[in-house]
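take this sequence and fold it.
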Amino acid sequence: MILEKSIEGSLLLQAHDLVLDVVEHGDAAVDATLGNGHDTLFLARCVGSAGKVFGFDVQQAAVGNTRKRLDDAGVDSGCYVLFCESHADMALHISTKVKAVMFNLGYLPGGDKKMITQAHSTVAALSAAIDLLSSGGILTVMCYPGHDGGANEAGLVTDFVNELDEDYWMVTRYSRAEARASTPYLWTIHDVSQKNGQPPE
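Below is the predicted model of the structure:
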């Protein structure tokens, strides 16, 4: 069963609050869509100097913008690693379980709006993220159905979460009050497998 929640405030801040409830210092986390590095910096602060953040984006500009944001904030370079590669390939670079994976789909703010996340690679990345998530971990996905290609991607993300076994995953869809079809919304996926004493199949 998918839970539906309507909120008045920022969906991005809602995602941050939910991740903050789960991630602790020393954990590993993933920013699957670097953008300008806002989520990366947030995750770096969550995991602290003993943790590790892995970041992915196919645009070199996003990697550069993120690195600058982290450097400007004084984040130790040993606490993160950034890849100019598809998030679909995250499992090739991460050999540890992670406590959180954040996706912020769409295009790079301030960049070329024709360069968007692609539905097929996003679904592949979600599957990889699910496999990497540790017990009690969280995955967040901000969807933007209003831009060209966004509705198709959001639809495939919905198909993906609908297929998750509710015995192991708690799925919630957050949207704004009186939202239209084109309004962004947030998916959260919590690993609740520990309740059954076994990992998800």
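
please count neighbours and contacts with C-alpha atoms only from this point.
Will do.

mind listing what's buried along stretch 59-75?
Across stretch 59-75, burial judged by 16 or more other CA atoms under 10 Å covers 59, 61, 62, 63, 64, 65, 66, 67, 69, 70, 75.

stretch 95-111 too?
By 16+ other CA under 10 Å, the buried positions in stretch 95-111 come out as 97, 98, 99, 100, 101, 102, 103, 104, 105, 106, 107, 108.

residue 65 against residue 37, yeah?
Yes - between residue 65 and residue 37 there is a contact at 6.6 Å, judged by CA atoms under 8 Å.

re earlier: helices - which of the buried residues of stretch 59-75 land there?
61, 62, 63, 64, 65, 66, 67, 69, 70 (DSSP state H).

from residue 36, how far off is the fifth one?
Think residue 65. The gap separating residue 65 from residue 36 is 5 Å, by CA to CA, to the nearest Å.

same check on the first one?
The span separating residue 61 from residue 36 equals 8 Å under the rule CA to CA.

likewise the third one?
Noted for residue 63: a distance of 8 Å to residue 36, by CA to CA.

which other helices and strands contact the helix or strand encompassing residue 126?
Assigned by DSSP states H and E, residue 126 belongs to helix 119-132. Counting contacts by 3 or more CA pairs under 8 Å, 6 or more residues apart in numbering; DSSP states H and E, helix 119-132 packs against helix 150-162.

tell me what the spatially closest residue to residue 39 that is not a sequence neighbour is bridged to.
Of all residues not flanking residue 39 in the chain, residue 31 sits nearest, at 6.6 Å (CA to CA, 6 or more residues apart in numbering). Applying DSSP bridges to residue 31 gives these bridge partners: residue 55, residue 102.

in contact with the residue most central in space within the chain, which residues?
The chain has residue 102 as the residue nearest its centroid, 1.5 Å off, counting by CA atoms, centre = their mean. In this structure, residue 102 makes contact with 30, 31, 32, 33, 39, 139, 140, 141, judged by CA atoms under 8 Å, 6 or more residues apart in numbering.

dump those into CSV; add neighbour count and pLDDT as well.
Below are the contacts of residue 102 laid out as CSV (neighbours: other CA atoms under 10 Å; pLDDT from 0 to 100):
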residue, neighbour count, pLDDT
30, 31, 98
31, 27, 98
32, 29, 97
33, 28, 94
39, 23, 97
139, 25, 98
140, 27, 98
141, 22, 96
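
low-confidence regions, the protein specifically.
Applying pLDDT under 70 to the chain picks out residues 107-116, 149, 195-201.

tell me where it has helices.
Using DSSP H, helices in the chain cover 11-20, 38-47, 60-72, 119-132, 150-162.

out of the ones you listed, flag the one nearest residue 89.
helix 119-132 (7.1 Å; CA to CA).

measure residue 13 to residue 132 for me?
From residue 13 across to residue 132, the span is 24 Å (CA to CA).

more neighbours, the two?
The neighbour count for residue 13 versus residue 132, taken as other CA atoms under 10 Å, is higher for residue 132 (22 against 10).

ok, the closest residue to the more buried one other than its chain neighbours - contacts?
In space, and not counting its chain neighbours, residue 132 is closest to residue 97: 5.1 Å by CA to CA, 6+ apart. Neighbour list for residue 97: 28, 132, 133, 134 [criterion: CA under 8 Å, 6+ apart].
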